[in-house]
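Undergrad: below are the sequence and a predicted model; questions follow.
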Amino acid sequence: MPYQGQGGTLSTIEILDLLQSDFEFAINFIIDNNPSAVESQISALSIPLPQNPSNLQLREVIDDLLQQSDNEEAVSQIEEIILVPYIETATNYTGNLSSQIGDLMPETQANQSGGVIVGLIAGVISGVTNVWTAYKQEDIAEIHAQMLKDQIAFDLQKIEDTKVLGIPQTVFIAVIIFLMFAMLIVFLSNKNK
């Protein structure tokens, strides 16, 4: 059955290609194929869900976990959520594809129980790990930027607090030393006359 999505109808070949290349599509595929099992996995992790959640709400749980860069368990929790049995008889675009998906996977994965989903999971988890790591690096960069901003503000405040007659203390001291040196030169030149 062709997938009817926002971009129009996709053929089986296009679906298989997206399953290999687009981890977001693959996550949606898994949810759309077996939403009740995904819901069960989310509930098993004690993540709150509304009563009778939609597929979109299930996906939002995964997206929220992806953005939790401080949660070191996020990737393994997502893996638990999406590691569900494949329903060959699904009446939507996800059904009747086990043999085609199995052909895409290495022999060892294709022969495993639930191999269709296991094969998809490997690629999805790789994508999940990359996205989660990017969020984590973004958070670290924001922390570093904030620390730098705080340090600059502290340094500016320190300069402001040490001003003498509205002039930074180091500049004031340099001017005093210069004036003393200039006066010494004038004094010595007047003495030699």
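TA: Ah, there it is. Keep in mind the model is a prediction, meaning the values are calculated, not measured.
Undergrad: so where's this structure shaky on pLDDT?
TA: By pLDDT under 70, the weakly predicted segments of the chain are 1-8, 69, 102-141, 193.
Undergrad: in it, which spans are helices?
TA: Along the chain, counting by DSSP state H, helices occupy 12-21, 23-33, 35-44, 55-66, 74-82, 98-104, 107-110, 115-161, 169-191.
Undergrad: quickly list the domain ranges of the chain.
TA: Structural domains annotated on the chain: 3-139, 143-191, as defined by automatic domain parsing.
Undergrad: quick one: the helices of the chain as JSON lines, columns for mean neighbour count too.
TA: The C-beta positions use only the backbone N, C-alpha and C, and glycine is treated the same way. Written out in JSON lines, the entries for the helices of the chain read as follows (neighbours: other C-beta atoms under 10 Å):
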{"stretch": "helix 12-21", "mean neighbour count": "16"}
{"stretch": "helix 23-33", "mean neighbour count": "21"}
{"stretch": "helix 35-44", "mean neighbour count": "17"}
{"stretch": "helix 55-66", "mean neighbour count": "17"}
{"stretch": "helix 74-82", "mean neighbour count": "19"}
{"stretch": "helix 98-104", "mean neighbour count": "15"}
{"stretch": "helix 107-110", "mean neighbour count": "13"}
{"stretch": "helix 115-161", "mean neighbour count": "14"}
{"stretch": "helix 169-191", "mean neighbour count": "11"}
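Undergrad: do you know which of these lies nearest Ala90?
TA: For those, the distance to Ala90 is smallest for helix 23-33, at 5.2 Å, taking C-beta to C-beta.
Undergrad: output the contacting helices and strands for that closest one.
TA: Using 3 or more C-beta pairs under 8 Å, 6 or more residues apart in numbering; DSSP states H and E as the contact definition, the elements that helix 23-33 packs against are helix 12-21, helix 55-66, helix 74-82, helix 115-161.
Undergrad: rewinding a little: now the helices of the chain in TSV, with distance to Asn92?
TA: Output for the helices of the chain, formatted as TSV (distance: least, C-beta to C-beta, whole Å):
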stretch	distance to Asn92
helix 12-21	11
helix 23-33	6
helix 35-44	10
helix 55-66	10
helix 74-82	17
helix 98-104	14
helix 107-110	23
helix 115-161	15
helix 169-191	72
